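> need coordinates for the following:
(one chain, ligands or ions: 1)
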Amino acid sequence: MSAVTAEVTRRMMQQWREQIHQSNGVKKAAEIDMIHAFNDLTAKINGRVAFGTSHQDVEEVIVLMREMQKIATASTLDAPILWYLPTRRNLHVRRLNKQLRSKIMSIMQARLAADGAKYGRGDTGGCGDDLLGLLLEAWTPNRQGSGGDTLTTDEVIDECKTFFAAGQETTATLLVWAMFLLAVHPQWQDKVREEVLREFPGGDGDDVIPNADILAKLKLLHMVLLETSRLYPPVVYIQRRAAADAVLGGITVPQGTIISIPIGMLHRDKEVWGPDANEFNPMRFEQGVTKAAKDSKALLTFSLGPRVCTGQNFGIVQVQVVMAMILSKFSFSLSPEYVHKPKYLLSLTPRLGMPLILRNLQ
Ligand code: HEM
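Numbering: from 1, shown residues only. As a prediction, this is how the structure comes out:
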């Protein structure tokens, strides 16, 4: 995963360098919208981690998935009745879905054909070590007669789509806010960069990947990311339906009641986080997540309990790798064009974009 993340990030950074090179100003700098850049980045990373890179249709699958994601985000503003009517948008989604399904099917078939030839059943390679490969191991035709649990074709396709949808925009959003907070807190940007350059001097060289050992040493970066996810959690609220009658904090909650958990609000509760709850203070995480607030379970960025985010480690590693690589090669500040208007659709994003001014480090 880190290798895929590093490879895709390297290409994005090369584009940034070209944009800076082409800029006309005396101070060589380029204004780049982080929302667009990071959505494109995480779509490519998630797409490759899910489907690999070997099949020609993977790039098209990524474009179709991203298109579906954009429509899903936009339609959260619609009245629910509109989700079920044959509107132009819904018909478009249906067409996209059909195309997507057929592309994924062709990747699956190519994998299975290669399975015999390249990997060989029973070999450790199986159908490949990406998500699709793992799911194909449990796919019905592979398991017939094995007595094990199986997945149908639709389930394999749906799992791949869920993985992409749940992880793409959320991770991009966390990156966007981390860049924003480091742009408006330059002293923290310098501090974290110092740590990155000390522990990860290779930057974005072709053969250099910030591996688990390096990431473990980037403590300030990790604290900054936790603090970012506290102030700007990509998922602002979650809901739960009471499976049985319950009493919560002295209030009776009848079975079937839907409870909203306002993560964004709870993360700024002064009683829990202290009087500086609205301020950016990564030092609160110096002793770890459980000691950052009065309640050891106060940080709900990835939810808690049985439905906790299954991709949280992947999401965090992705963000750490991307931030370490960027910090080692660029400095950045907020563009005067930026207007602070966060909005919540599928995730918490800046309503009018996140233009940052990027410069190459000397
Ligand atoms: C870094 C950004 C991310 C954030 C802030 C985030 C946040 C969350 C939250 C709050 C939930 C719980 C939703 C609920 O209970 O209603 C969740 C669930 C989930 N997330 Fe993430 N997530 C992130 C990245 C990812 C990634 C990268 C993946 C996979 C590649 C992923 C896959 C999932 C899945 C599959 C679920 C559903 C789990 C279940 O219901 O059993 N997430 N995520």
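> buried residues in whatever helix or strand Ile214 lives in?
Taking DSSP states H and E as the criterion, Ile214 maps to helix 212-217. By 16 or more other Cβ atoms under 10 Å, the buried positions in helix 212-217 come out as 214-215. (Each C-beta comes from the backbone N, C-alpha and C, glycine too.)
> I'd like the distance from stretch 31-50 to the chain centre, please.
Relative to the chain's own centre, stretch 31-50 is displaced by 9 Å; criterion: Cα atoms, centre = their mean, to the nearest Å.
> ok so, going back, average pLDDT for the helix holding Ile214?
Averaging pLDDT along helix 212-217 gives 92.
> element containing Arg359?
Taking DSSP H and E as the criterion, Arg359 maps to strand 355-360.
> spit out the contact partners of the residue nearest to Trp83 when sequence neighbours are not counted.
In space, and not counting its chain neighbours, Trp83 is closest to Ser75: 6.5 Å by Cβ to Cβ, 6 or more residues apart in numbering. Residues near Ser75 by Cβ atoms under 8 Å, 6 or more residues apart in numbering: 82-83, 89.
> helices or strands next to the helix or strand where Ala37 lies in the packing?
Secondary structure from DSSP H and E places Ala37 in helix 34-51. Under the contact criterion of 3 or more Cβ pairs under 8 Å, 6 or more residues apart in numbering; DSSP states H and E, helix 34-51 touches helix 2-22, helix 58-75, helix 131-137, helix 153-184, helix 312-327.
> is any residue of the shortest one near the ligand?
No: among the residues of helix 131-137, none lie within reach of the ligand under Cβ under 6 Å from any ligand atom; the closest is 8.2 Å away.
> list the contacts of that helix.
Taking Cβ under 8 Å, 6+ apart as the rule, helix 131-137 contacts 49-52, 104, 107-108, 111-112, 115, 126-128, 142, 151, 156, 159-160, 163.
> near the ligand, list only the ones from those residues.
Restricting these to those near the ligand by Cβ under 6 Å from any ligand atom leaves Phe163.
> now which of the contacts of helix 131-137 would you call buried?
Of those, these count as buried by 16+ other Cβ under 10 Å: 49-52, 104, 107-108, 111, 115, 126-128, 142, 151, 156, 159-160, 163.
> and the gap between Gly311 and the ligand?
Noted for Gly311: a distance of 2 Å to the ligand, by Cβ to the nearest ligand atom, to the nearest Å.
> test my guess that that residue contacts Gly167.
Yes: look at Gly311 against Gly167 with Cβ atoms under 8 Å: they come within range, at 4.7 Å.
> the more surrounded of the two?
Gly167 (22 against 17; other Cβ atoms under 10 Å).
> what sits against that one?
Listed by Cβ under 8 Å, 6+ apart, the contact set of Gly167 reads 42, 46, 311, 314-315.
> quick check: it vs Leu174, distance?
11 Å (Cβ to Cβ, to the nearest Å).
> common neighbours of those two, please.
Gly315.
> how many neighbours does the residue nearest to Leu197 when sequence neighbours are not counted have?
Nearest non-adjacent residue to Leu197, counting by Cβ to Cβ, 6+ apart: Ser328, 6.0 Å away. Counted with other Cβ under 10 Å, the neighbours of Ser328 add up to 21.
> and what of Leu334?
16.
> check contacts around the closest residue to it other than its chain neighbours.
Distances taken as Cβ to Cβ, 6+ apart place Ala183 nearest to Leu334, at 4.6 Å, with adjacent residues excluded. By Cβ under 8 Å, 6+ apart, the residues touching Ala183 are 189, 332-334, 356.
> let's see it at 10 Å
34, 189, 331-335, 338, 354, 356-358 (Cβ atoms under 10 Å, 6 or more residues apart in numbering).
> separation between it and the ligand?
Counting by Cβ to the nearest ligand atom - Ala183 and the ligand are separated by 19 Å.
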